[in-house]
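Engineer: coordinates for the following, if possible.
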Amino acid sequence: MEGVMKNKIVVITGAASGQGKAEAILFAKLGCKVVICDINLQPLKEVEYEIKQNGGNVKAYQLNVADKDAIKAFAKNVGNDIGMTDILINNAGVGGSYPVTHENDDEFEANWSRQLAVNLTAQVRLIRAFIKPLTRQVGGRIINIASTEGTGATLFNGAYVAAKHGSVGLTKALSLELAPLGCTVNCVQPGPIRTGMTNPIPERQKNLYSKRLVPMRRYGLPEEIANVVALIATPGTSFLNGAIIPVDGGLLANNALLPMRDWWIKKESKILDSELKKFQKTFPQTHRFIQKPLCLCRLFDGRCFDG
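Structural biologist: Model prediction:
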């Protein structure tokens with residue numbers, strides 16, 4: 001992969017941490033000229049320094065992707081300083097949960113506007129800003145980073161879910177529009193990933209979520225997203241267009257809560273055994289008819305007892 005990517009110019013938004021940082025490091029290792037941007041300058045400069053220390057070619061720009069004029073100026077500067085962009089990775093994103101019943105209108109509107117601006121509108125603005133270099137010849141790549149929330153939804157997360165569904169729809173629409181111009185548009189949907197956005201979630205809650213919903217029973221790593229993004233960006237994936245690719249440990253493929261053998265048996269079976277003993281004393285005849293099914297549920301289907 002390294003040889004075919006050498007000297008490709010790749011622009012990565014939201015590159016100061018998490019998935020964006022992992023993508024920047026990987027593309028630099030592949031020999032690309034990496035352009036990184038983020039609203040947070042200090043951690044972005046640290047990423048730039050790390051890549052340069054390892055021999056990578058990188059340049060950092062501070063950018064608020066919610067600012068339309070700043071995006072235009074950024075694209076112009078990249079063209080003047082680095083050259084014609086080959087790959088655009090729309091990675092920047094923000095979160096925040098507000099129920100639609102939130103009583104403070106100003107707070108709800110501010111959160112809604114910010115999430116739509118950063119998670120969706122910025123993507124199409126960046127695409128428009130870089131459209132000429134990306135379509136100057138066959139081989140341009142646009143990769144939008146959405147989320148599994150672009151397929152499903154979680155409670156009280158309306159703005160984020162709406163924006164990520166929008167990113168999926170934008171990808172599909174622009175894949176039709178830009179394919180004749182030689183540029184592919186694809187979308188990656190990260191599932192639960194260990195990033196700054198998920199850091200505040202307690203570790204116990206992460207483990208519980210993973211074991212109940214993710215077949216691989218863990219959170220993913222930013223590097224696992226970066227590897228998929230890099231593969232999509234290679235010349236060898238030239239016929240991949242309009243694809244929505246979940247990288248989620250099987251989360252979206254799962255249609256129910258998963259068995260909880262290792263977690264559930266340790267903590268919940270003690271409670272169940274206690275209840276069974278009480279039941280046996282009270283209903284000795286009936287007990288023998290339910291004991292075996294309950295044991296089977298314990299081993300194979302933790303869904304029966306919501307821990």
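
Engineer: what are the contacting residues of the helix or strand hosting Asn144?
Structural biologist: According to DSSP states H and E, Asn144 maps onto strand 140-145. Contacts with strand 140-145, where a contact means Cβ atoms under 8 Å, 6 or more residues apart in numbering, come from 19, 86-91, 93, 123, 127, 133-134, 167, 170-171, 174, 178, 181-188, 190, 225, 229, 232-233. Glycine gets a C-beta too; all of them are placed from N, C-alpha and C.

Engineer: ranges for the strands of the stretch 101-250 of the chain?
Structural biologist: 140-145, 183-190, 244-247 (DSSP state E, counting those that start in this stretch).

Engineer: filter the contacts of strand 140-145 down to the buried ones, ChimeraX style.
Structural biologist: Buried members of the contacts of strand 140-145, defined by 16 or more other Cβ atoms under 10 Å, are picked up in ChimeraX with:
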select :19,86,87,88,89,90,91,93,123,127,133,134,167,170,171,174,178,183,184,185,186,187,188,190,225,229,232,233
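
Engineer: just the contacts of strand 140-145: which are in helices?
Structural biologist: 19, 123, 127, 133-134, 167, 170-171, 174, 178, 225, 229, 232-233 (DSSP state H).

Engineer: so where do the helices sit in the chain?
Structural biologist: 2-5, 18-29, 41-53, 68-81, 105-116, 122-129, 131-134, 158-178, 203-213, 222-233, 261-282, 284-300.

Engineer: deepest-packed of the ones you listed, please.
Structural biologist: helix 18-29 (a mean of 26; mean count of other Cβ atoms under 10 Å).

Engineer: so which other helices or strands are in contact with it?
Structural biologist: strand 9-13, strand 33-38, helix 41-53, strand 57-62, strand 87-90, helix 222-233 (3 or more Cβ pairs under 8 Å, 6 or more residues apart in numbering; DSSP states H and E).

Engineer: export only the CA atoms of that helix, formatted as CSV.
Structural biologist: The C-alpha atoms that make up helix 18-29 are tabulated as CSV, following Å, rounded to 0.1, in the frame of the first residue of the first chain:
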residue,chain,number,x,y,z
GLY,A,18,-8.9,10.0,18.2
GLN,A,19,-9.7,8.7,14.8
GLY,A,20,-8.4,11.8,12.9
LYS,A,21,-5.0,11.5,14.7
ALA,A,22,-4.8,7.8,13.9
GLU,A,23,-5.6,8.5,10.3
ALA,A,24,-2.9,11.2,10.0
ILE,A,25,-0.2,9.0,11.5
LEU,A,26,-1.1,6.1,9.2
PHE,A,27,-1.3,8.2,6.0
ALA,A,28,2.1,9.7,6.9
LYS,A,29,3.6,6.2,7.3
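
Engineer: low-confidence stretches in this structure?
Structural biologist: 2, 256-257, 259-307 (pLDDT under 70).

Engineer: kindly report the domain assignment for it.
Structural biologist: As recorded under automatic domain parsing, the domains making up the chain are 2-247, 261-304.

Engineer: number of residues surrounding the nearest residue to Tyr61 once chain neighbours are set aside?
Structural biologist: Spatial nearest neighbour of Tyr61, excluding adjacent residues (Cβ to Cβ, 6 or more residues apart in numbering): Cys37 at 4.6 Å. For Cys37, the neighbour count with other Cβ atoms under 10 Å is 27.

Engineer: what of Val100?
Structural biologist: With other Cβ under 10 Å as criterion, Val100 counts 9.

Engineer: likewise for Asn144?
Structural biologist: Counted with other Cβ under 10 Å, the neighbours of Asn144 add up to 27.

Engineer: just send the helices of the chain back as TSV, with distance to Ile12 too.
Structural biologist: Output for the helices of the chain, formatted as TSV (distance: least, Cβ to Cβ, whole Å):
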stretch	distance to Ile12
helix 2-5	14
helix 18-29	5
helix 41-53	10
helix 68-81	11
helix 105-116	20
helix 122-129	11
helix 131-134	14
helix 158-178	16
helix 203-213	26
helix 222-233	9
helix 261-282	37
helix 284-300	44
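
Engineer: so which of these gets nearest Leu252?
Structural biologist: Among those, the nearest to Leu252 by Cβ to Cβ is helix 203-213 (10.0 Å).
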